[in-house]
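A.B. asks: A structural model of the following input is requested.
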Amino acid sequence: ELLGRNRPLIMGVDPGLSGALAVIDRDKDLIVDLIDMPTFEKPSRARKQGFLSYLDVHKLSSLVDMYAPYTSLAVIEEPGAMPDQGLSSTFRFGRVCGQIHGVLAGHGIAVVPIGPAVWKCAMGLSSDKFQSQVLATKYYPGFKELWELKKHNDRAEAVLLAQYGLKHLSGLVEFSGS
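C.D. replies: Modelled structure (predicted):
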């Protein structure tokens with residue numbers, strides 16, 4: 001049996017502690033769910049705010065579990081190291097990306113990592129994060145309140161990563177409507 005048969009959902013993942021996971025139904029072209037990355041805090045004297053945030057892998061896993069049997073593909077942004085980030089920040093971000101990838105793969109979901117320059121260019125976007133919110137609203141005007149705030153840009157990008165999967169990666173799987 002082909003991977004995507006009877007699996008009409010696609011996930012888009014903007015990774016990171018402030019990231020999001022979008023679940024899109026290909027057949028109905030609607031947003032099924034939009035999940036902010038679940039996190040928890042641990043006290044730390046190493047930070048001014050007095051804590052460090054961590055990805056709640058167990059909560060993410062239980063959220064993904066609801067959709068995994070119906071998901072044919074997850075498109076996750078695969079960013080590189082940022083020049084202004086320190087080694088500790090880069091390591092922590094890389095760990096979060098790996099944890100998200102592992103949760104998805106552990107649920108049997110095909111994961112396609114894609115660089116930001118690749119998917120944003122294909123979708124006609126620049127590095128201006130506001131453009132992502134505008135484009136997500138163009139695709140899903142009824143959901144615009146989910147990413148209206150500047151701090152919710154990651155939600156818009158997760159939705160657009162799923163759209164990228166629909167537009168450019170559909171050949172990798174056979175969807176239920178195919």
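
A.B. asks: Within the helices and strands, which one has Tyr164?
C.D. replies: helix 153-168 (DSSP states H and E).

A.B. asks: so how far is that helix from its chain's centroid?
C.D. replies: 7 Å (Cα atoms, centre = their mean, to the nearest Å).

A.B. asks: How about stretch 106-116?
C.D. replies: 10 Å.

A.B. asks: Stretch 22-32 now?
C.D. replies: Distance, stretch centre to chain centre, for stretch 22-32: 14 Å (Cα atoms, centre = their mean).

A.B. asks: hmm, who's touching that stretch?
C.D. replies: Here stretch 22-32 makes contact (Cβ atoms under 8 Å, 6 or more residues apart in numbering) with 8-13, 33-35, 67, 71-72, 140, 143, 146, 155, 158-159, 161-163, 166, 170, 175-177. Every C-beta, even on glycine, is put in place using the N, C-alpha and C of the backbone.

A.B. asks: mean confidence score for the helix holding Tyr164?
C.D. replies: When pLDDT is averaged along helix 153-168, the result is 95.

A.B. asks: re the thing from before, now, of the contacts of stretch 22-32, which are buried?
C.D. replies: Among these, those buried by neighbour count (16 or more other Cβ atoms under 10 Å) are 8-13, 34-35, 67, 71-72, 140, 143, 146, 155, 158-159, 161-163, 166, 170, 175.
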